[in-house]
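Novice: predicted structure and sequence below. I'll ask about it afterward.
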There are 4 protein chains.
Amino acid sequence: MPKLDLVIEELVTANRILAREEVVDSFGHVSVRHPDRPDRYLLSRARAPDCIEAEDIMEFTLEGDPIDARDRKPYLERYIHGALYEARPDVQAVVHNHSPSVIPFGVTGSKLKPLLHMCASIGHDVPLWDSQDRFGDTTLLVENMEMGRDLAKRVGPGRTALMRGHGAVAVGQTLRQAVFIAIYLEVGAKLQMQASTLGSIKFLTDAEVEKIINRTGPYTIDRAWENWCRRAGRKMTASA
Amino acid sequence: MPKLDLVIEELVTANRILAREEVVDSFGHVSVRHPDRPDRYLLSRARAPDCIEAEDIMEFTLEGDPIDARDRKPYLERYIHGALYEARPDVQAVVHNHSPSVIPFGVTGSKLKPLLHMCASIGHDVPLWDSQDRFGDTTLLVENMEMGRDLAKRVGPGRTALMRGHGAVAVGQTLRQAVFIAIYLEVGAKLQMQASTLGSIKFLTDAEVEKIINRTGPYTIDRAWENWCRRAGRKMTASA
Amino acid sequence: MPKLDLVIEELVTANRILAREEVVDSFGHVSVRHPDRPDRYLLSRARAPDCIEAEDIMEFTLEGDPIDARDRKPYLERYIHGALYEARPDVQAVVHNHSPSVIPFGVTGSKLKPLLHMCASIGHDVPLWDSQDRFGDTTLLVENMEMGRDLAKRVGPGRTALMRGHGAVAVGQTLRQAVFIAIYLEVGAKLQMQASTLGSIKFLTDAEVEKIINRTGPYTIDRAWENWCRRAGRKMTASA
Amino acid sequence: MPKLDLVIEELVTANRILAREEVVDSFGHVSVRHPDRPDRYLLSRARAPDCIEAEDIMEFTLEGDPIDARDRKPYLERYIHGALYEARPDVQAVVHNHSPSVIPFGVTGSKLKPLLHMCASIGHDVPLWDSQDRFGDTTLLVENMEMGRDLAKRVGPGRTALMRGHGAVAVGQTLRQAVFIAIYLEVGAKLQMQASTLGSIKFLTDAEVEKIINRTGPYTIDRAWENWCRRAGRKMTASA
């Protein structure tokens, strides 16, 4: 199978996994940078992640213009993806989601930090982007590159950000890593909400986070990926 | 397929979706205004939503009299539907449900408001109807048009209302929209309960709610509908 | 099918429903009074409810002696059932379970009361039985008629009781009603825990509870039963 | 089937059960002492528990050296298992997991104790091991025998321990017992978090715990095992 087709198959799998693991529902999306053209990315047409097939995957410039749209309607919020690829040459994949446990942190400003070794991947802490700050009353959707770039600035050199009243983003140096981070962002948020009802939390130290991040490679991520593929009814392929 | 049959099929689908998404369990119901006779509505016989088939769908006058009951027993609470169609010519569909996260708001009087962009559809805030206020000790069921009209008054020009110790109603200008609102009413209530354990909540502003409502059309709702159909094992048809 | 066989089939269905609705897990049990001999009851051999087949159903005297045990090992706690049938000639079925939301009430002494119309069936409030009070340190299991009778006294003329550190019992005038009560006991407990995080709860008034109880007959219970049968993969039969 | 093969089949079943009951997800592992060589143990290669087959099961010395690795990569944290078998000749099986409800106790230092009769198996209370105490900033993983032995010391003569920011361990005198304890550790932790929102908890007394532990044998554990096998799609065999 040509490399691009493999990447597209893996992107379909990523969509199905995020749906199965309840990180996306009818909304939310995941993209991957084009394997041959770093100035482009691949993202589904506007469709619920669990329904997506290979022929739904479209190609976009970083500005969000479709290359060959045919009759496929893109996601309104594709600018999230382009702006992050533009700002971060190291980033190869982006997830945007509204998973249930991250929302409460975004609307209360309660600080989300890793408390479990598996959650170190979300980064030392998770910054919060509020569209109100610069754009005032909007639909909260990231509808243009200006908003996308403002969000990307908030992510900075990190791996995640919360979006007030809206959701979160996670970026990765591989597609599997971005999915892994998005899933453990949800896991960590849920755990932190529960732990906070019991008492004061001892979070991971900065040095612990650093050591775990340096250690979390394919040995770890592919173990989860195999399991998630099985749960989502997808075949695991060699990493594309 | 004749138009009425399409509407009935869509109503069966709506029942199955609400069951699959856990907005109704063995109880709760959804109706649609008759496509040709605005003085009538379609609603299943008294049956759990996930068991309903096309032949269960009955036709009623707005007063709740069945047109051709045969041996089919209607829901006791059909007056909820008739009273809302009577009061609101713009309303084409009504959901009544007891989903788990809305109940706690109804019995504590805690104000339910949208905190997530997807929940703007529930309206600026959700009024509470308490059958005690005017009817005293009852079974809490809406058993006649008088109670139905009192509830409809509480809904007013809005999209939702809570019913103390009982559940909620959601209305829509299409069947899909009513289902969408009922589902995101449950989602929003769950998120608000969780967020309230973390701290003070920044809800959507009134202007944000307004902008999102104006933007939420078939592009958004049909994306969810396709996903919900798939989850409920129903074929998606062109909107009836 | 002979009447006894119908009752046994219905009892198997009750077991499967309670398992599917997560009111019992690997433990917990449900019995029915013998249809022809009010001094006997039917209860499975010691087996997880979701595994039970018709040939597992045994017959017991109210004292808990098996009539025809063959190689079937009875539940240790069968005395719960016999003691309730002995004390309450009106009772035709008994459920004993450890469902997750009732446990917290039993161990904190927090008062469990109906807040939702569907939960009126649990009774005006739910008494708490603590085996410590009369029997001191035990395994908490109801291992003999003396303990069973003490528990039955705590149930009194009611429909439910909590057992500290252990679970709950629910009784019904039909098998379907007992299952219905056990399920809505769990539903109500979960709702009350969640509502209590939001503020002070307005419970159903005593008169509301009374009116709803008087109204909750087969029209209501069979609607749920049909749905639960479908979910549990069992055929619904005419009420045995 | 030769005895070793039976033990391996039972170990595969244990993995699948722990996955199905959500005590492990993509990570976590369970081992059993070699039936003929008490100085060795059996543990899968590094793979998600729900994906494990008989051919994934490897044999290790207590020091963690694989006997016949072939191309199979072991779990990094296998030292947890060896250290516990070394310290505790009575222990025949070990579970290490990160189930969601135990984490909050580990990071807050809130004391986890049995409040339900089924949870007495976790022991009188659950000690907490914090890798920081002796090893400072690490990846939190138990990467060598020194860390494993330190953890085993914290378990002492008990049955369970929490690991701060990481998870828990459970040990048993049979494989089924270790799985039973790990599952009820999660159940108990979840119940305790919920009960703590309602008020002050009456835990089991020490004498109650003791009596229940003395009573919990195959009659109880095998009833759950049959149910868990059925849920995990595994055949129940005579205890290996």
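Specialist: Yep, it's here.
Novice: enumerate the residues of chain A near chain B.
Specialist: Contacts of chain A with chain B, taken as C-beta under 8 Å from any C-beta of the partner chain, map to A:25-27, A:46-48, A:50-51, A:73, A:98, A:100-101, A:103-105, A:107-110, A:132, A:137-141, A:164-166, A:193, A:196-197. Where you see a C-beta, it was placed from the backbone N, CA and C, and this is true even at glycine.
Novice: and for residue A:99, nearest residue in space, chain neighbours not counted?
Specialist: residue A:186 (4.1 Å; C-beta to C-beta, 6 or more residues apart in numbering or on different chains).
Novice: if I pick the one you found, what's in contact with it?
Specialist: Residue A:186 makes contact with A:21, A:22, A:23, A:97, A:99, A:100, A:101, A:102, according to C-beta atoms under 8 Å, 6 or more residues apart in numbering or on different chains.
Novice: same check, this time on residue A:97
Specialist: Residue A:97 is in contact with A:18, A:23, A:24, A:28, A:167, A:168, A:170, A:182, A:186, counting by C-beta under 8 Å, 6+ apart.
Novice: how about stretch A:148-158: buried residues?
Specialist: Going by neighbour count (16 or more other C-beta atoms under 10 Å in any protein chain shown), the buried part of stretch A:148-158 is A:148, A:149, A:150, A:151, A:152, A:154, A:155, A:158.
Novice: for that stretch, list the C-alpha coordinates in PDB.
Specialist: The C-alpha coordinates for stretch A:148-158 follow below in PDB (Å, rounded to 0.1, in the frame of the first residue of the first chain):
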ATOM      1  CA  GLY A 148      -6.400  29.300  15.400                       C
ATOM      2  CA  ARG A 149      -3.100  31.200  15.800                       C
ATOM      3  CA  ASP A 150      -4.200  32.700  19.100                       C
ATOM      4  CA  LEU A 151      -5.000  29.200  20.400                       C
ATOM      5  CA  ALA A 152      -1.700  27.900  19.100                       C
ATOM      6  CA  LYS A 153       0.100  30.600  20.900                       C
ATOM      7  CA  ARG A 154      -1.500  29.500  24.100                       C
ATOM      8  CA  VAL A 155      -0.400  25.900  23.500                       C
ATOM      9  CA  GLY A 156       3.100  27.300  23.100                       C
ATOM     10  CA  PRO A 157       5.800  24.600  23.200                       C
ATOM     11  CA  GLY A 158       3.400  22.300  25.100                       C
END
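Novice: chain center to that stretch: distance?
Specialist: On the basis of C-alpha atoms, centre = their mean, to the nearest Å, stretch A:148-158 sits 13 Å off its chain's mean C-alpha point.
Novice: circling back to that earlier point, please flag which of the buried residues of stretch A:148-158 sit within helices.
Specialist: Under the assignment DSSP state H, those contribute A:148, A:149, A:150, A:151, A:152, A:154, A:155 to helices.
Novice: out of the residues you listed, which one sits closest to residue C:64?
Specialist: Minimum distance to residue C:64 across those is 66.0 Å, recorded for residue A:155 (C-beta to C-beta).
Novice: on that earlier part again, same list (the ones in helices among the buried residues of stretch A:148-158) but as CSV, adding distance to residue C:217.
Specialist: Shown next, in CSV, are these (distance: C-beta to C-beta, whole Å):
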residue, distance to residue C:217
A:148, 59
A:149, 64
A:150, 61
A:151, 57
A:152, 62
A:154, 59
A:155, 59
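Novice: which residues of chain A lie near chain D?
Specialist: Chain A has residues A:115-118, A:187, A:190-191, A:194-195, A:197-205, A:207-208, A:211-212, A:215, A:219, A:223-224, A:226-228, A:230-231 near chain D, with proximity defined as C-beta under 8 Å from any C-beta.
Novice: can you tell me which of those are buried?
Specialist: Of the residues of chain A next to chain D, these count as buried by 16+ other C-beta under 10 Å: A:115-118, A:187, A:190-191, A:194-195, A:197-198, A:201-204, A:208, A:211-212, A:215, A:223-224, A:226-228, A:230-231.
Novice: what's the neighbour count on residue A:143?
Specialist: Using other C-beta atoms under 10 Å in any protein chain shown as the criterion, residue A:143 is surrounded by 18 other residues.
Novice: ok so it is a strand residue?
Specialist: No - Residue A:143: not assigned to a strand; according to DSSP: H, G, I helix; E, B strand; the rest coil it is coil.
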